[in-house]
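Peer 1: sequence plus predicted model, see below.
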2 protein chains.
Amino acid sequence: MTYTIKDVAKKANVSTATVSRILNDQGGYSEKTKRKVLNIIQELDYYPSGIARGLTNKRTDTIGVLVPNLTSSLITEFLNGIESVAHKIGSSVIVCHTESHGVKTMKYLQLLHEKRIDGLILASTVLKKEYYDYIVKMRVPVVLLSAYSEFPVPYITANDYEAAYTGTKYLIQKGHKDIGMISGNKEELIAGNLIPRVEGFKSALFDYNIPFNESYIEYGKFSIDDGVTGLKHLLNRVPDLTAIFTENDEIGMGVLSAAYNLGIKVPEKLSVIGMDDISLCKFMSPPLTSVSLSHNEMAEKAANLMFKMINSDTEVSNCILDHQIIERQSVRSQ
Amino acid sequence: MTYTIKDVAKKANVSTATVSRILNDQGGYSEKTKRKVLNIIQELDYYPSGIARGLTNKRTDTIGVLVPNLTSSLITEFLNGIESVAHKIGSSVIVCHTESHGVKTMKYLQLLHEKRIDGLILASTVLKKEYYDYIVKMRVPVVLLSAYSEFPVPYITANDYEAAYTGTKYLIQKGHKDIGMISGNKEELIAGNLIPRVEGFKSALFDYNIPFNESYIEYGKFSIDDGVTGLKHLLNRVPDLTAIFTENDEIGMGVLSAAYNLGIKVPEKLSVIGMDDISLCKFMSPPLTSVSLSHNEMAEKAANLMFKMINSDTEVSNCILDHQIIERQSVRSQ
DNA sequence: TAGTTTTACGTAACCGGTTACGTAAAACTA
DNA sequence: TAGTTTTACGTAACCGGTTACGTAAAACTA
């Protein structure tokens, strides 16, 4: 068996209270006792049980992160950022791959509830009422990462509408008039009846007097594959597109790939701009121009916010980060 | 405050033992009592504490996964596979991003030890003696994923030597004679004094009577960036290379990217073959030929093996998976 | 030096579950 | 119907820590 605090106490001829005090640097013991106990701890190779400690402390030093997709680069970069700040603070992170699936998500929430996590981050997840209600019951700090919600839950996100507007405007200013968009899953994107990135796209076209037609938008999911099938569908419907704005970079990568296989030169015959500016963009052929949403900063902010809430119980404000076009080589002037 | 089993018991006029029995489907109660208790559980919205349960059960339904790099696609795909089987089994996974850093790794191991995880998977990690010693003390099932070790720890991996041999042979049979290799971090790759993929590469050249020179191998790390700088260095040293074999696909992607920016057509001027066959390969321009190491299967096998060990305590055997060339468009006949 | 304060602990309850053991009542048996 | 078995629980100890409270001894004070 592995040793417990009692074994240490007995061997050191002190009480468990004293060992506990020493372990937690709480004072109330002599230097001599401290040395003696510390020696025995080392000798027995004793490690306190986080489980037992968690039971009394009501603190598990564990947080949960819900992600819709573990194979998406954006999500992975989020996870990376969160894990990094969690580790600095001494917390562990449990990853939950929901696949944007309602039932799975609820199951994960229950699991995390039972595990008594200290806090929760929902990345790129639309906060359904069902989730919100449950989270309220969990009584645990939650922050939304790259998502917006009308429920009173703090979020760290970019202004998707404006970012999409900026991206589209960029294409327009490069002289494009026949611009298609490939978007993600309609249902997952809706934040208050509107799909922000789609609306931003439409508004830019409208403001610059470019006629718009619903057939210019293709809806799929969010993966690279959806970019390749999306381009094919879009080009079937409207073959004279000169530029494509994609909901995210993964779709953008799919477009690049499909274009390559179709023999359509990018950017000579087709310009494409993505969103998020994931780190893969710059390694594409051609390097993919993208609207950066400062997602590294976003993940760290979200994590820091959550830990602040855990430690201080203060309500904290939302945060909307800037966006910025990162010009590379997938867009050319028309 | 949130309710405990005592609240439920009191309200139902039964003992906590009965509530516990009902919660765990252990029998020893009447249907009537069961219904009454279940109703009260629902009414109070009671969820048992996994922490308290873990304390007595010595089971936390949590496993740890150590990964060297959270932004690598291969690793992410591993993580995805592991998380998936863990969730099916009802376990949660704690991700630990070690960055292949010894001190960080040890710190993570201690953390996981304190958290009393049920099992541990080390992905793409060289098992140092220090780690091994600690893991032995943890007394927890461990499996190595995509790694080999001389310590008695089960591993699920591919035969790196042979896979590299096969990949190189493929290039040779396509008529290439001037073949370079871009490898990863020397220190991290050494398994018993040899770097398997490098040795496989060398052996293939040797067997086919192709003169070899150490300058044909470039060592970097494992990222895409190392592929781009690697190609530049390699081409500086030996400009007449017609093919490159890369340690992994990320490096391969870097080579593709660098080649594009250098104006070197792939595969017309330069053939490149990667390893691992990550899912991004097929979306590259051109799609990247790669030696598949069945890594999806690998991750699932590793996870299943670990859970089997958790549940049955039986020592289990290692597993070496097959490899296979996935031909795409980044290699041409010379 | 007698009284007071501080130090360095120990005792025991508690966190929220599980479970071995015991037992009254119900059901069964012959 | 008396004896035996089974059912349906309850009691209390335990898992491995933390901590409020109490106290003897040491240190201080006047």
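Peer 2: Cool, got the structure. Just so we're clear, the structure is a prediction, and the values are computed from it rather than from any experiment.
Peer 1: around DNA strand D, which positions in the stretch 51-200 of chain A sit nearby?
Peer 2: A:51-53, A:55-57 (Cβ under 7 Å from any atom of the strand). Heads up, the C-betas are built off the backbone N, CA and C, glycines and all.
Peer 1: can you show me the helices along chain A?
Peer 2: Here chain A has its helices, by DSSP state H, at A:5-12, A:16-23, A:31-44, A:50-57, A:73-89, A:102-114, A:129-138, A:160-173, A:186-189, A:196-207, A:224-237, A:249-262, A:295-312.
Peer 1: so how do I select the buried members of the residues of the stretch 51-200 of chain A next to DNA strand D in PyMOL?
Peer 2: Remark: buried members of those, expressed as a PyMOL selection using 16 or more other Cβ atoms under 10 Å in any protein chain shown:
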select buried, chain A and resi 51+52+53+55
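Peer 1: could the residues of the stretch 51-200 of chain A next to DNA strand D be laid out in TSV, adding distance to A:Asp178?
Peer 2: What follows is those, written out as TSV (distance: Cβ to Cβ, whole Å):
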residue	distance to A:Asp178
A:Ile51	61
A:Ala52	66
A:Arg53	63
A:Leu55	64
A:Thr56	66
A:Asn57	61
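Peer 1: and DNA strand C, which of the residues of the stretch 51-200 of chain A next to DNA strand D reach it?
Peer 2: Restricting those to those touching DNA strand C (Cβ under 7 Å from any atom of the strand) yields A:52, A:55-56.
Peer 1: ok, of the residues you listed, which one's closest to B:Thr314?
Peer 2: Minimum distance to B:Thr314 across those is 29.0 Å, recorded for A:Ala52 (Cβ to Cβ).
Peer 1: quick check: the gap between that closest one and A:Ser203.
Peer 2: 57 Å (Cβ to Cβ, to the nearest Å).
Peer 1: just checking, A:Lys36 touches A:Lys11?
Peer 2: No. A:Lys36 is beyond contact range of A:Lys11, at 9.4 Å (criterion: Cβ atoms under 8 Å).
Peer 1: output the lowest mean pLDDT helix or strand found in chain A.
Peer 2: Here the helix or strand of chain A ranked lowest by mean pLDDT, DSSP states H and E is helix A:186-189, holding a mean of 74.
Peer 1: which residues outside that one are in contact with it?
Peer 2: With contacts defined as Cβ atoms under 8 Å, 6 or more residues apart in numbering or on different chains, helix A:186-189 is touched by A:68, A:100, A:126, A:183, A:195-198, A:219, A:222, A:247.
Peer 1: gap between A:Ile224 and chain B?
Peer 2: Distance of A:Ile224 to chain B, given as Cβ to the nearest Cβ, to the nearest Å: 5 Å.
Peer 1: list the contacts for that residue?
Peer 2: Shown in contact with A:Ile224 (Cβ under 8 Å, 6+ apart): A:250-251, A:253-254, A:257, B:280, B:283.
Peer 1: which residues does the most centrally placed residue in chain A bridge with?
Peer 2: In chain A, the centroid-proximal residue (Cα atoms, centre = their mean) is A:Ala123; its distance is 3.6 Å. With DSSP bridges as the criterion, A:Ala123 is bridged to A:Leu145.
Peer 1: ok, it touching A:Leu70?
Peer 2: No. Using Cβ under 8 Å, A:Ala123 is not in contact with A:Leu70, being 10.6 Å away.
Peer 1: shared neighbours, these two?
Peer 2: Common contact partners of A:Ala123 and A:Leu70 (Cβ under 8 Å, 6+ apart): A:Leu79.
Peer 1: torsion angles phi and psi at the closest residue in space to A:Thr2 that isn't next to it in sequence?
Peer 2: Nearest residue to A:Thr2, sequence neighbours excluded (Cβ to Cβ, 6 or more residues apart in numbering or on different chains): B:Arg139, at 6.9 Å. Main-chain dihedrals, B:Arg139, degrees, to the nearest 10: phi 50, psi 60.
Peer 1: just the buried residues of stretch A:229-244, please?
Peer 2: A:229-231, A:233-235, A:241-244.
Peer 1: same deal with stretch A:121-132?
Peer 2: Residues of stretch A:121-132 classed as buried: A:121-127, A:131-132 (neighbour count, 16+ other Cβ under 10 Å).
Peer 1: ok, stretch A:40-49 near DNA strand C or not?
Peer 2: No. Stretch A:40-49 lies out of reach of DNA strand C by Cβ under 7 Å from any atom of the strand, never closer than 10.9 Å.
Peer 1: tell me which residues of that stretch come out buried.
Peer 2: Within stretch A:40-49, the residues scored as buried using 16+ other Cβ under 10 Å are A:40-41, A:46-49.
Peer 1: what's the closest of those residues to B:Asp276?
Peer 2: A:Tyr47 (36.1 Å).
Peer 1: extract the CA atoms of stretch A:50-67 and return them as CSV.
Peer 2: The C-alpha trace of stretch A:50-67 is given here as CSV (Å, rounded to 0.1, in the frame of the first residue of the first chain):
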residue,chain,number,x,y,z
GLY,A,50,-5.3,15.2,-3.8
ILE,A,51,-8.6,13.3,-3.6
ALA,A,52,-8.7,13.4,0.2
ARG,A,53,-7.6,17.0,0.2
GLY,A,54,-10.2,17.9,-2.4
LEU,A,55,-12.9,16.4,-0.2
THR,A,56,-12.3,18.9,2.6
ASN,A,57,-11.0,21.8,0.6
LYS,A,58,-13.7,21.8,-1.9
ARG,A,59,-11.0,22.4,-4.5
THR,A,60,-9.8,19.9,-6.9
ASP,A,61,-7.3,22.0,-8.9
THR,A,62,-8.9,20.7,-12.0
ILE,A,63,-10.8,22.5,-14.6
GLY,A,64,-12.9,21.2,-17.5
VAL,A,65,-12.6,22.3,-21.1
LEU,A,66,-15.4,21.5,-23.6
VAL,A,67,-14.3,21.5,-27.2
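Peer 1: outside of it, which residues touch it?
Peer 2: Residues contacting stretch A:50-67 (Cβ under 8 Å, 6+ apart): A:75, A:78-79, A:82, A:86, A:90-98, A:105, A:108-109, A:112, A:115-125, A:306, B:49, B:51-52, B:54-55, B:60, B:94, B:114-116.
Peer 1: pull out the buried residues from those.
Peer 2: Buried members of these, counted by 16+ other Cβ under 10 Å: A:75, A:78-79, A:82, A:86, A:91-98, A:105, A:108-109, A:112, A:115-125, A:306, B:49, B:51-52, B:54-55, B:60, B:94, B:114-116.
Peer 1: what does the stretch 51-200 of chain A have sitting close to chain B?
Peer 2: Residues of the stretch 51-200 of chain A lying near chain B by Cβ under 8 Å from any Cβ of the partner chain: A:51-52, A:54-55, A:60, A:62, A:70-71, A:73, A:76-77, A:79-80, A:83-84, A:87, A:90, A:92-97, A:104, A:108, A:110-116, A:137, A:139.
Peer 1: which residues touch A:Ala12?
Peer 2: Counting by Cβ under 8 Å, 6+ apart, A:Ala12 touches A:18-19, A:33, A:36-37, A:40.
Peer 1: at 10 Å instead, please
Peer 2: Each residue near A:Ala12 by Cβ atoms under 10 Å, 6 or more residues apart in numbering or on different chains is listed here: A:18-19, A:22, A:33, A:36-41, A:43-44.
Peer 1: try A:Ala258
Peer 2: Residues in contact with A:Ala258, defined by Cβ under 10 Å, 6+ apart, are A:224-225, A:227-232, A:234-235, A:264, A:270, B:283.
Peer 1: show the pLDDT at A:Asn193.
Peer 2: As predicted, A:Asn193 sits at a pLDDT of 62.
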